[in-house]
Each structure stands twice: as C-alpha cells, then as structure tokens.
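[1] Fold the stuff below for me.
(4 chains)
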There are 2 protein chains.
Amino acid sequence: MASRRNQPPPDALSAQDSTPLPGAAPRATSYDVALKAGVSQSAVSRCFKPGASVSTRMRERVMRAARELGYTPNAIARSLITRRSNLIAIIISNLTNLYYPEVLSELTAQAGARGIRVLLFTLPTESEIDHVLEQVWQYRVDGVVSAARLSSEQVASFEKRGVPLIFYNRYLKDKPVNAVFCDQSDGARIMVQRLYGAGHRKFGIIAGPRDSVVGQERVKASTERLAELGVTDVPVIPGAYDYDSGVNGLHELTRRLHRPPQAVICANDVMAIGCMDAARYDLGLLVPKRISIVGFDGVGPSAWSSYRLTTLRQPVHRMAESAISMLMDRVQNPNLSPERRVFSGALIEGTSARLR
Amino acid sequence: MASRRNQPPPDALSAQDSTPLPGAAPRATSYDVALKAGVSQSAVSRCFKPGASVSTRMRERVMRAARELGYTPNAIARSLITRRSNLIAIIISNLTNLYYPEVLSELTAQAGARGIRVLLFTLPTESEIDHVLEQVWQYRVDGVVSAARLSSEQVASFEKRGVPLIFYNRYLKDKPVNAVFCDQSDGARIMVQRLYGAGHRKFGIIAGPRDSVVGQERVKASTERLAELGVTDVPVIPGAYDYDSGVNGLHELTRRLHRPPQAVICANDVMAIGCMDAARYDLGLLVPKRISIVGFDGVGPSAWSSYRLTTLRQPVHRMAESAISMLMDRVQNPNLSPERRVFSGALIEGTSARLR
DNA sequence: TTAGAAATTGCATTCGCAGTCACCTCCAAC
DNA sequence: GTTGGAGGTGACTGCGAATGCAATTTCTAA
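    Sure, this is the predicted structure:
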C-alpha cells in the first residue's frame, strides 16, 4: 500500500519496468519516504507541515529518509488539495519602461519574503490581456497585482471568480477597486507653483499615454494649477512614456509656441530625459538656464550627473509592500471591501529646473 | 457520480451547505461541465485537449456548458497527472541592472509564445540561491533559465532531479552545461584595436564583478589584445556593474595613472555611462576628445544623446529565443547533451570614443 | 445488406498530498 | 486500579483532470 509506483502489483511488473529512461529517475513522493522511514504517508505529510503534531523521533526518522531520497514536497499536488497555490500573478504591460523593473523587483521581493511565488505576465500588446487572463485563471493563482490596464468587464471577471486583484498605479473610475497608487497631484501643483514662482511663464507639457491614470493626473493637476496662476493655453503633447516621446515632444512644443518653452513638465522621467537631451543637443539650450524641465517617478537614470532631474519620486518600496500585503489580506479574507491606498511622491530637487 | 461536490449524498447535506461564503462560489470543475452537458468527465477533458478525438456535436455541447459555467481547466490538476507544469523558472540576480529587464522581457515573451508560463525568482543576495532552488523544486517546473551564478553542486542537483537548465550569459568552467551567451572576446579585441589605431596609449579598465563570466571575458580579451599591441601595465579597477562603479572607477584610474587615462574600457554600459559623467562633470574632460570610453551590452540609455556610447551590443532577442528553444528541446528530450550557443556582439559606433 | 474498420465515448484509475476520523499510547488525577 | 485527557499515528478519501482500455456508434466498402 505504500509506494504504489515503486511497488507495482506482480502482475503489472512487465509493463512497469519498460523504458527506465536514463536520467529520468522518478521524483520521490511522500509514499516513498514513508516506506523508507517505515511510517505512514500521513506522517510524512505532517512532518512537512509547520505546527503539526509530530513526535521528535518521528520527525527525525522522516527527515532522514526524505534527505536520503532527495524528497521535496510537490507544491502542485499540495495546491490541488489545499486550494491555495501560493502563487500570485503580476501583470505588467512592458518591462522596457525603466520604471516597471523596479516595481517588479520590489513586488517579487515582498512576495518572496512571504513565501509567495510570482507568475509573471507581460503584455506584448494591450489586446493580449484577455489571453493572459485566461492563463491566470488556469493556474488558480491566489491573487493578482496588475500594473496594466483592465476594463471593468475584466475586473468583474475577477470578482466572479473570487480572485483578489490589486491595481498598481491604476484604477477604475466607474467602479471601486483595490489599488495602490501614488497621488502626484499635490506634488505636481507644488512643482508648478515653484516653477511659476521662479519666473517661468511659457509652459509646455508632454503627457503620458491616455490609459495611464497617474499620467493623466499629473497633467491635469499641472494644467489646473497653471490656470489658477493665470497661465492658460498651455500646449499638451501626447507621449508614450519613452525617450523619443520626450525628444519629439520638445520639438513639437517649440513648433507650437514658435519658440522653446521656458518650462516643460513631462509626465515621466524618461520623457524628461529625452526632453533634456533634445534641448541641449538639438536646440542648443542650456538647462536649466534657458529651459527648465521636470519629470515624475524618480527612476535611476534621473539621478545621473548628466541629468540631475528635478522630479517627484514615488515611494516604490513602500508601495510594493503595501500592494502585496493588501493582496494577501484579500487572499485571507475575500470579503474585505475595496480599498485605495494613496501615497505621495517626494520632490527631488535636481538641477534640471530653476525653482527659485 | 458526476459532480461530487455539487451533488453530495443526502446524509451529508447539512454539513455541506454551511458557510457558502458570499463571493466564494466554488469554481466549476470538469465534472460540473459534464453533468450540465450530459456527458462524461473524460469527454470534457478531451474537448480541452487539442488534437483529441471528439465529434463536433460533442464539442459544441461541452463548450456551451463550459461557457455557461465559466469553466476553465485547472492547470494545477492537469500538471499533477501529466507531470508537466508548463512552467519554467527564470532566475535573475537583480533586476536593477538595466540589462536584465530587457532579457527578462524577451524571455517571457518567448515563453509565452510557446504556451509556457514563467515563474520569476530574483535574488536579494547571492546566498539566497539555495532557498530559491528549494522553491524551484517544489513547483516542479519543466525547466530553468538562470542568469544568476550557480555552483557546480547546484548544477549537479539539477541533473539529479532531471530538470533541464540553461545558463544565460554564464557558464561553468569545470563542467559542461547548457548555455547561451555572447562571446565578446572578438568584439573586445576589435574595440581595443580600433582605440589603439586611433592613437590611444594610456588605457584603463573598469571590470565587472568577479562572478560574471562575460565580464571577465571582456576584460581578459581586452588586456590580452593590449598586451599584444605592446600596451602593458593597464590598471584594472573592479566594479559592480552599476553607475557608481563607473564614476569611482574613473577616479581610481586617474589616481593610479596620476592623470586621466586616454581610453577606458568598461565591462558594461552603465559603468561606461558613469564613467562618462565622471569625466565630464567631475574631471571636466571632453568626451571623446580628451578621453575615449567604451562599454558593453547596448542597453537603452547608451543610445541617448547625452552618451551615444560606443559599445558592443548583445543580440538579446535572438539569445532569448535561443535560450527558450534550447530549454524546451531539453524538456522534450532530457538526454540531449550539454550545448553552448555562442553569439557575437555588434559594434555600435557612438561618439563616446575616437576610433579613427 | 453487412462485415469490418474507424471514430467516438464512457469507465475506472491515477497523479501526490492533506485533512478527517478513529484508534492507540502514555501519564496524571482520583 | 480506573478514568480522562493529551499527544501521536495510520487508514482512507478526494482535490480536478488525463488516459488506457473497452464498449459503442458511425462509416466504409464489398
């Protein structure tokens, strides 16, 4: 009754022993360990479950047998019966964004620290999302963190299946959802205020893609504050969060204003960097003497000497920690109501903008 | 006999109906679908297996029932019996490296295209590796791609368990292993040759961490070629592949040589970028007029106008594709012998070095 | 029309482990 | 010596799907 695979009934021997496939030694199971240790399979199982009631003698015998056989509990089988995979999915649109790798890194670290594994999904195209969700369902993940855009129908499918979902720097306007994000309205307003106070009057804005909630928010807060200060007709150029968008954005702004703006607010750092490079190398403008440029995020390169970007840094570490703990709370108790955790950015005063 | 969970024997009714947990509707199983469609569970299973023998009528009935119940096959249960998880692990030391996100992105894309999911493991510290491997074993992944260093004992444990392993830009010197990497010896030699030909005589090198095989290779090829050209006593400063290592490296080189070197070979782009910034902003040197700086990898920022780095770009896309296909070949046939696939870098002539 | 081949379908079993329940041992309290 | 726990342990069942095999249906060809 012990190892079924290793002790086939006599009449099945011939069929069993075929093709032993060199190197394909079947992995030891809890039955094998039980057999070797002369105990029951349940005992083996208990030995690997923290907090179970097992005598020291039993534990030692089992552990020794397990070690000798190179036994490792099968998380797949365990998941099947416990209905907990200890897996979460992280959905990220594109990793080339420079900001996301940091997020991903923090998220996996946080998950790992809690004994949770990460199933990574990246989106070649936004349209792939339904296909990705299909995979997510199949793997019965305990929860999902999404840094990608989801429609409200898609969000509804999470609810229907009872899979907790946390948005990272995204949310839905027409539906309450769990989200961790960085509210940069205040920061944006402060940056605008400082730029205005330093005498800038001709502004330009390079926005992020339309589906980026935080990007929209940054732009909205900026234009609003500018309007309050009496600065209107501020051109807003759409961008895609990448370097070229920053470069092209500045050229476009210059064209629209018939001269370079005095200050450019970019919806993220990478575009701000592109903008700085365009100002310096294409237009020959001194930064910040002739033009001030600010960004958002606080990614690594923004601190490089060539840029020393004035930016609003996101507390990625704390945000990631919050996202994972929020998610695991929902895994424990699926009935917790939707919650938004809002963080504030920190103004980093670089040298890419005159703020005084 | 159909849905066991949904049709409990009468005597168990009372116990079953407790705590329906609002929102925790149990996910439909193949039994449920079978019941609804009036067919057997096997039939349902076959309908979801591509290439199985199923009549059109049957398929339609089953699919309709599945749709109505929101059924999704349970990959966990499937893995248990097929002994294939369709999961691979990707082990990466740190994602903050700027080069790795690109690699990770390509690897997941390639895996996704083959219907394989990625379990991501990052290493907070090198010492965590054993702990990570423990997790890898538990999840019965079909294979592993490691961009992190592994000892030969660790590699041996892969063999013992029959889990295919592919190294990415790493390998073991004392043991044949599967590896995909970019041989940059030739490229390094060419870069050195060109730098020498352009008149540079005082060289400095900023190396990568000791455990980076490609880093060591880049340095070794460079120093060897320099020696052949009669340039000896080239100082080699150890670095950690990060921006600060580039900055400090140049300062250290300057100290050692009692003046800035004429040309600096950095073991990766990020250090080369740090080096350029240090040259310009700390030492006030014109690049490439007064100092030439070259790097390796061809990461995104190396192309930014502020740097326009002369570098040796790795064909990451092709390498990732190769790694995944090589891995899946081993999953199919575990007995394939170890293989190394070597790619060559492409010289990108930027403006950070005088090469003529 | 019918034997025989081919295509479908269902039954029963299996994957590896966790949890339930019954049972057993040992010891303190009475 | 009996009783009542508490702490351990093992037999057994089932998580959800895949699959070999046998039973059945459908199709093909004579």
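
[2] number of nearby residues for the closest residue to A:Thr72 other than its chain neighbours?
    Closest residue to A:Thr72 apart from its sequence neighbours, by Cβ to Cβ, 6 or more residues apart in numbering or on different chains: B:Trp137 at 4.2 Å. Backbone N, C-alpha and C define where each C-beta goes, glycine included. Close neighbours of B:Trp137, defined as other Cβ atoms under 10 Å in any protein chain shown, add up to 20.

[3] A:Ile348 too?
    17.

[4] what separates it from DNA strand D, distance-wise?
    50 Å (Cβ to the nearest atom of the strand, to the nearest Å).

[5] A:Asn94 touches A:Phe121, doesn't it?
    No. A:Asn94 is beyond contact range of A:Phe121, at 11.6 Å (criterion: Cβ atoms under 8 Å).

[6] of the two, who's got more company?
    Each of A:Asn94 and A:Phe121 has its neighbours counted (other Cβ under 10 Å); A:Phe121 has more, 25 against 18.

[7] Which of the three states applies to the more buried one?
    strand (DSSP: H, G, I helix; E, B strand; the rest coil).

[8] Also A:Asp233?
    When classified by three-state DSSP, A:Asp233 comes out as coil.

[9] Same question for A:Ile90.
    A:Ile90 - assigned by three-state DSSP - is strand.

[10] Wait, it touches A:Val118, no?
    Yes. The pair A:Ile90 and A:Val118 passes the contact test of Cβ under 8 Å, sitting 5.5 Å apart.

[11] So for those two, which residues contact both of them?
    Common neighbours of A:Ile90 and A:Val118, using Cβ atoms under 8 Å, 6 or more residues apart in numbering or on different chains, are A:Leu107, A:Thr108, B:Leu120.

[12] quick one: which of these is nearest to A:Pro50?
    A:Thr108 (22.9 Å; Cβ to Cβ).

[13] residues near the closest one, how many?
    A count of nearby residues for A:Thr108, using other Cβ under 10 Å, gives 24.

[14] contacting residues around the strand or helix carrying it?
    Per DSSP states H and E: A:Thr108 is located in helix A:100-113. Residues outside helix A:100-113 that contact it (Cβ under 8 Å, 6+ apart) are A:88, A:90, A:92-95, A:117-118, A:120, A:145, A:147, A:168, A:299-300, A:316-317, A:319-321, A:323-325, B:94-96, B:98, B:100-101, B:104, B:120-122, B:124.

[15] try stretch A:221-237
    A:184-186, A:188-189, A:191-193, A:196, A:201, A:203-207, A:219, A:248-249, A:252-253, A:256-257, A:261, A:265.

[16] Can you narrow those residues down to the ones near DNA strand D?
    Counting by Cβ under 7 Å from any atom of the strand, nothing from the contacts of stretch A:221-237 sits close to DNA strand D.

[17] of these, buried ones?
    Using 16 or more other Cβ atoms under 10 Å in any protein chain shown as the burial test, these include A:184-185, A:188-189, A:191-192, A:196, A:203-207, A:219, A:248-249, A:252-253, A:257, A:261, A:265 as buried.

[18] quick revisit: quick one: the helix or strand hosting the residue nearest to A:Thr72 near DNA strand C?
    Assigned by DSSP H and E, B:Trp137 falls within helix B:129-138. No. Taking Cβ under 7 Å from any atom of the strand as the criterion, helix B:129-138 and DNA strand C are apart, separated by no less than 8.8 Å.

[19] buried sites along that helix?
    If you call a residue buried by 16+ other Cβ under 10 Å, then helix B:129-138 has these buried ones: B:Ile129, B:Val132, B:Leu133, B:Gln135, B:Val136, B:Trp137, B:Gln138.

[20] could you dump those to a markdown table with pLDDT?
    Formatted as a markdown table, those follow (pLDDT from 0 to 100):
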| residue | pLDDT |
| --- | --- |
| B:Ile129 | 92 |
| B:Val132 | 94 |
| B:Leu133 | 95 |
| B:Gln135 | 94 |
| B:Val136 | 96 |
| B:Trp137 | 96 |
| B:Gln138 | 95 |
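
[21] In the stretch 201-350 of chain A, which residue sits closest to DNA strand D?
    In the stretch 201-350 of chain A, the residue that lies nearest DNA strand D is A:Pro334 (15.7 Å; Cβ to the nearest atom of the strand).

[22] Burial check on that residue, number of neighbours?
    Look at A:Pro334: counted by other Cβ under 10 Å, it has 16 neighbours.

[23] In this structure it contacts A:Leu165, no?
    No. Judged on Cβ under 8 Å, A:Pro334 makes no contact with A:Leu165 at a distance of 11.1 Å.

[24] before we move on, the earlier item: just the C-alpha atoms of the helix holding A:Thr108, please, in CSV.
    Taking Å, rounded to 0.1, in the frame of the first residue of the first chain, the C-alpha atoms of helix A:100-113 are listed here in CSV:
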residue,chain,number,x,y,z
TYR,A,100,8.5,48.9,-14.1
PRO,A,101,11.6,46.7,-13.5
GLU,A,102,12.0,48.5,-10.2
VAL,A,103,8.4,47.8,-9.3
LEU,A,104,8.6,44.2,-10.4
SER,A,105,11.7,43.8,-8.4
GLU,A,106,10.1,45.1,-5.2
LEU,A,107,7.0,43.2,-5.7
THR,A,108,8.7,39.8,-6.1
ALA,A,109,10.9,40.6,-3.2
GLN,A,110,7.9,41.3,-1.0
ALA,A,111,6.1,38.2,-2.2
GLY,A,112,9.2,36.0,-1.8
ALA,A,113,9.5,37.2,1.8
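
[25] tell me the phi and psi of A:Cys197?
    One thing to correct before we go on: residue A:197 is Gly, not Cys. With angles defined as degrees, to the nearest 10, A:Gly197 sits at phi -60, psi -30.

[26] correct me, but it touches A:Arg356?
    Yes. Using Cβ under 8 Å, A:Gly197 makes contact with A:Arg356 at a distance of 7.3 Å.

[27] neighbour count winner among those two?
    Neighbours were counted for A:Gly197 and for A:Arg356 using other Cβ under 10 Å; A:Gly197 has more, 12 against 8.

[28] List the contacts of that one.
    By Cβ under 8 Å, 6+ apart, the neighbours of A:Gly197 are A:Leu355, A:Arg356.

[29] Repeat that for A:Tyr139.
    A:Ser85, A:Leu87, A:Ala89, A:Leu119, B:Ala75, B:Ile76, B:Arg117.

[30] how near is A:Met326 to DNA strand C?
    24 Å.

[31] I'd guess that residue is in a helix, am I close?
    Yes. Under three-state DSSP, A:Met326 sits within a helix.

[32] Chain neighbours aside, what residue packs nearest to it?
    Of all residues not flanking A:Met326 in the chain, A:Ile166 sits nearest, at 5.5 Å (Cβ to Cβ, 6+ apart).

[33] That neighbour bridge partners, please.
    A:Val145 (DSSP bridges).

[34] didn't it look like it was pressed against A:Leu327?
    Yes. A:Ile166 lies in contact with A:Leu327 (Cβ under 8 Å); the separation is 4.8 Å.

[35] Looking at these two now, which is surrounded by more residues?
    Using other Cβ under 10 Å as the criterion, A:Ile166 and A:Leu327 rank with A:Ile166 on top: 28 against 25.

[36] Tell me who's in contact with the closest residue to A:Phe181 other than its chain neighbours.
    Spatial nearest neighbour of A:Phe181, excluding adjacent residues (Cβ to Cβ, 6+ apart): A:Asn169 at 4.6 Å. Listed by Cβ under 8 Å, 6+ apart, the contact set of A:Asn169 reads A:Ala147, A:Val180, A:Phe181, A:Cys182, A:Val213, A:Val214, A:Met319.
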